[in-house]
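[1] coordinates only, sequence not included:
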């Protein structure tokens, strides 16, 4: 039985047998992400003391300005996952294309690929607001021992074998699932170990928080506008509280603990939505469903969407189950 004084390493070893592909490889992969997260956390906590905040002067594949910490986090996660010879391929929100990992061993048998958003919400660094890392893990579908191909990465979210995030905030937490519930681990910076602090996290079925950038209200589809008005109406335990940080990891984490809904719909400015299916929506959807929540694009389960490109964007509604169902009702009614 997991206990709150259990380290992440102990938890991984103890629960490895519950994972259906129990070869130890996935456990080493999670450990690698844990290591890279500690390095990134160290740099995030130095922001303002060293020259690591602000724009890097480049743009990523989506045409967005890269922050210095975006570049740093991307390099650290790729370096750690590559050097520890665990994965056969990596795709990052900050890279144009996927990265093929060729093991030094000619007969390498690595089976996993990782998709990662190295630093979600990085524009908040300058003002000391929580940011995070999001990761997703799949088993490759091409033959083991051969170079990975695009189709290894363009799998439905329902094929994920693990997903999680690290939130760098007032405390640093790693939250992940391998399809057997969601558990959260808090970093003790004094000794550099993560300890189980939030076992078996569950979304409350109902919540009182809605998270959406209401500054874009005029651009939202009518169904979302109607749902927002519903949230604001004084009736049946409403109005709900509006809370929006602008960092998906932070907004999701708060809503999972307290109960709420997060929305980043399509709009007249972003006809396909803004969040990335592979790097943000699928891993968060996997976590939500494992925590008794729900994730949708307004009409369709997120993890049922078949990806067509690495940097595909989709509308995203995620959170407490009954709140997402109600939002979907408004979307269908306005369709």
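    Alright, I've got the coordinates. No experiment lies behind these values; they were computed from the predicted model shown. Residues are numbered from 1 along each chain as shown.
[2] Surely residue 319 and residue 288 touch.
    Yes - assessed by Cβ atoms under 8 Å, residue 319 is found in contact with residue 288 at 7.0 Å. For the C-beta atoms, the positions are set from N, CA and C on the backbone; glycine is no exception.
[3] and for those two, which residues touch both?
    Residues touching both residue 319 and residue 288 by Cβ atoms under 8 Å, 6 or more residues apart in numbering: 203, 252, 256, 294.
[4] so what's residue 260 closest to, chain neighbours aside?
    Spatial nearest neighbour of residue 260, chain neighbours left out: residue 209 (3.1 Å); criterion: Cβ to Cβ, 6 or more residues apart in numbering.
[5] Just give me the neighbour total for the one you found.
    21 (other Cβ atoms under 10 Å).
[6] so where do the strands sit in the stretch 151-300 of the chain?
    162-168, 172-177, 183-188, 193-198, 209-211, 241-242, 260-264, 275-276, 293-296 (DSSP state E, counting those that start in this stretch).
[7] okay, these in JSON lines with distance to residue 146 next?
    Putting those into JSON lines (distance: least, Cβ to Cβ, whole Å) gives the following:
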{"stretch": "strand 162-168", "distance to residue 146": "23"}
{"stretch": "strand 172-177", "distance to residue 146": "28"}
{"stretch": "strand 183-188", "distance to residue 146": "34"}
{"stretch": "strand 193-198", "distance to residue 146": "35"}
{"stretch": "strand 209-211", "distance to residue 146": "42"}
{"stretch": "strand 241-242", "distance to residue 146": "50"}
{"stretch": "strand 260-264", "distance to residue 146": "37"}
{"stretch": "strand 275-276", "distance to residue 146": "26"}
{"stretch": "strand 293-296", "distance to residue 146": "33"}
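[8] closest to residue 231 out of these?
    strand 209-211 (4.6 Å; Cβ to Cβ).
[9] what helices or strands is the closest one leaning on?
    When contacts are defined as 3 or more Cβ pairs under 8 Å, 6 or more residues apart in numbering; DSSP states H and E, strand 209-211 sits against strand 241-242, helix 248-258, strand 260-264.
[10] contacts for it?
    Contacts of strand 209-211 (Cβ under 8 Å, 6+ apart): 228, 231, 240-245, 251, 254-255, 258-263, 319, 323.
[11] cool, and stretch 167-174?
    8, 33-34, 37, 40-41, 44-45, 130-133, 164-166, 175, 184-187, 189, 194, 197-198, 249-250, 253.
[12] Could you give me the ChimeraX selection string for whichever of the contacts of strand 209-211 are buried?
    Buried members of the contacts of strand 209-211, defined by 16 or more other Cβ atoms under 10 Å, are picked up in ChimeraX with:
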select :228,231,240,243,244,245,251,254,255,259,260,261,262,263,319,323
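[13] Domain-wise, how is this protein divided?
    With domains defined by automatic domain parsing, the chain comprises 8-198, 209-334.
[14] With mean pLDDT added, can I get those in a markdown table?
    Below are the domains of the chain laid out as a markdown table (pLDDT from 0 to 100):
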| stretch | mean pLDDT |
| --- | --- |
| domain 8-198 | 83 |
| domain 209-334 | 97 |
